[in-house]
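# sequence plus the predicted model coming up.
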Amino acid sequence: MKFKKFCLLAFGLLLAQFSKAQEGLPIYSDYLTDNYYLIHPSMAGVANCAKIRLTARKQWFGQTNSPALQTMSINSRIGESPSAVGAIVYNDKNGYHSQTGAYLTYAHHLMFSRNEIDLNMLSFGLSAGAIQYKLDETTFLNEGFDPLISGIEQSATNFNIDFGFSYHFINFYAHATVKNVLNNDGINSNANGIFRYDNLRTLLFSAGNVFTKFGSEWSYEPSIMFLYRDGTKESSIDVNAKVYKDMDFGKLWGGISYRRSLDGAEFANGTGVSSQNLQYFTPFLGMDYKNFVFAYTYSYQANSVVFNNGGFHQLTLGYNFNCRKKKYDCACPAIN
């Protein structure tokens, strides 16, 4: 009986991961490794330099078909204009399900201050993308017939848009984004219309501030991110702490992020029913070496019941180019 409950629990966890993989580019903690553009389109071209970022994430080493994600992004100002463009491509694989997507972004930045000494800027961004979903059912049926299983590799493609804005005032910043604005009729449903899930809207809000003393090599950045999924009414919050140290070659930085779901999930524990909230601890470490960026992120799920005790590893590689000579006069690492 206990084994049966464990199987049902494991199956539920897999379904939860499956549903998360259906909503476009997954939202992890990679935005903290100088990559806010991945989740906020208004951050395209906001920096002093054009940016290329590559990420590779792997979960549960040793598990067959465990989740893996690769992303590549680029964003830049258009010359000296207030407009910017960007692009994101990614590949996300999770068991028998996989998705490949590409986004193009246009952003516009409005300066309210007379010059860059007192940074006061409002930014808007719009991303449009296409995502191809695949579900490999070729190994689902060993014998017999199931009307819910086609036995082939199913695929579907949808189009959606993300919209958001960012506000920077000296060392303070705030971002708000609505991802997957459009409803996609029929996406994520089988031939019988079961498991229909066409509302993929996700709302994101981020805010933070960088604290430093004049002439100091150290700076500190506390921040938060709030996430709300409209279709499932789920929400979570990230509480982040980041520290920077200026070096002769560039900058060293690191920190930790704590993510907690605000919605509990019930499960059978053998003697009754318990509840737990999803929790992640994510330490990260990075380095800016001249125009290059290197970072490592490790996520640990701190729950009593998990699919696997292994952590989630991620590497980030970046390169900055076409940098403007004059930087903003602020302690704002995401911009300078």
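Looks like it arrived, so ask away. Numbering: from 1, shown residues only.
# alpha carbons only: can I get stretch 29-39 in PDB?
In PDB, the C-alpha atoms belonging to stretch 29-39 read as follows (Å, rounded to 0.1, in the frame of the first residue of the first chain):
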ATOM      1  CA  SER A  29      17.000  31.900 -10.900                       C
ATOM      2  CA  ASP A  30      19.200  32.500 -14.000                       C
ATOM      3  CA  TYR A  31      18.100  36.100 -14.100                       C
ATOM      4  CA  LEU A  32      20.400  36.700 -11.100                       C
ATOM      5  CA  THR A  33      23.500  35.900 -13.200                       C
ATOM      6  CA  ASP A  34      23.300  39.200 -15.100                       C
ATOM      7  CA  ASN A  35      20.500  37.900 -17.200                       C
ATOM      8  CA  TYR A  36      17.300  39.900 -16.400                       C
ATOM      9  CA  TYR A  37      16.400  40.000 -20.100                       C
ATOM     10  CA  LEU A  38      15.500  36.300 -20.000                       C
ATOM     11  CA  ILE A  39      12.400  37.200 -17.900                       C
END
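# those helices in the stretch 1-150 of the chain, which residues are they?
2-21 (DSSP state H, counting those that start in this stretch).
# low-confidence ranges in the stretch 101-250 of the chain?
Scanning the stretch 101-250 of the chain for pLDDT under 70 picks out 116, 140-148, 150-151, 185-197.
# all strands for it, in order.
Counting by DSSP state E, counting those that start in this stretch, the stretch 101-250 of the chain has strands at residues 120-136, 153-169, 172-179, 202-209, 211-212, 218-229, 234-246, 250-268.
# the shortest one packs against which elements?
The elements that strand 211-212 packs onto, with contact taken as 3 or more Cβ pairs under 8 Å, 6 or more residues apart in numbering; DSSP states H and E, are strand 218-229. (C-beta placed from N, C-alpha, C; glycine too.)
# what packs against the strand it packs on?
strand 202-209, strand 211-212, strand 234-246.
# mind checking those for the one nearest to residue 330?
Nearest to residue 330, of all the helices and strands packed on strand 218-229, is strand 211-212, at 9.7 Å by Cβ to Cβ.
# got a list of contacts for that closest one?
Outside of strand 211-212, the residues within contact range by Cβ atoms under 8 Å, 6 or more residues apart in numbering are 171, 218, 219, 220, 221, 222, 331.
# so what's the gap between that strand and the chain middle?
26 Å (Cα atoms, centre = their mean, to the nearest Å).
# could you export the strands of the stretch 101-250 of the chain to JSON lines, including columns for distance to residue 75 and mean neighbour count?
Shown next, in JSON lines, are these (distance: least, Cβ to Cβ, whole Å; neighbours: other Cβ atoms under 10 Å):
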{"stretch": "strand 120-136", "distance to residue 75": "9", "mean neighbour count": "19"}
{"stretch": "strand 153-169", "distance to residue 75": "13", "mean neighbour count": "18"}
{"stretch": "strand 172-179", "distance to residue 75": "14", "mean neighbour count": "20"}
{"stretch": "strand 202-209", "distance to residue 75": "17", "mean neighbour count": "18"}
{"stretch": "strand 211-212", "distance to residue 75": "26", "mean neighbour count": "14"}
{"stretch": "strand 218-229", "distance to residue 75": "19", "mean neighbour count": "18"}
{"stretch": "strand 234-246", "distance to residue 75": "21", "mean neighbour count": "17"}
{"stretch": "strand 250-268", "distance to residue 75": "20", "mean neighbour count": "16"}
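# gap between residue 168 and residue 202?
Going from residue 168 to residue 202 by Cβ to Cβ, to the nearest Å gives 23 Å.
# hmm, back to that, need the helices and strands packed on strand 218-229 in JSON lines with distance to residue 255, can you?
Compiled in JSON lines, the helices and strands packed on strand 218-229 are given as follows (distance: least, Cβ to Cβ, whole Å):
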{"stretch": "strand 202-209", "distance to residue 255": "11"}
{"stretch": "strand 211-212", "distance to residue 255": "13"}
{"stretch": "strand 234-246", "distance to residue 255": "4"}
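# closest to residue 124 out of these?
So among the helices and strands packed on strand 218-229, strand 202-209 is nearest, using Cβ to Cβ, at 15.0 Å.
# pretty sure residue 327 is in a helix, no?
No - counting by DSSP: H, G, I helix; E, B strand; the rest coil, residue 327 falls outside a helix, being coil.
# from what I can see it touches residue 49, true?
No - Residue 327 lies out of contact with residue 49 (Cβ atoms under 8 Å); the separation is 9.5 Å.
# and residue 57, which of the strands of the stretch 101-250 of the chain is closest to it?
Nearest to residue 57 among those is strand 250-268; the distance by Cβ to Cβ comes to 14.3 Å.
# tell me how far whichever helix or strand comes after that closest one lies from the chain's centre.
Heading C-terminal from strand 250-268, the first helix or strand you meet, by DSSP states H and E, is strand 273-289. Put simply, strand 273-289 sits 13 Å off its chain's centre (Cα atoms, centre = their mean).
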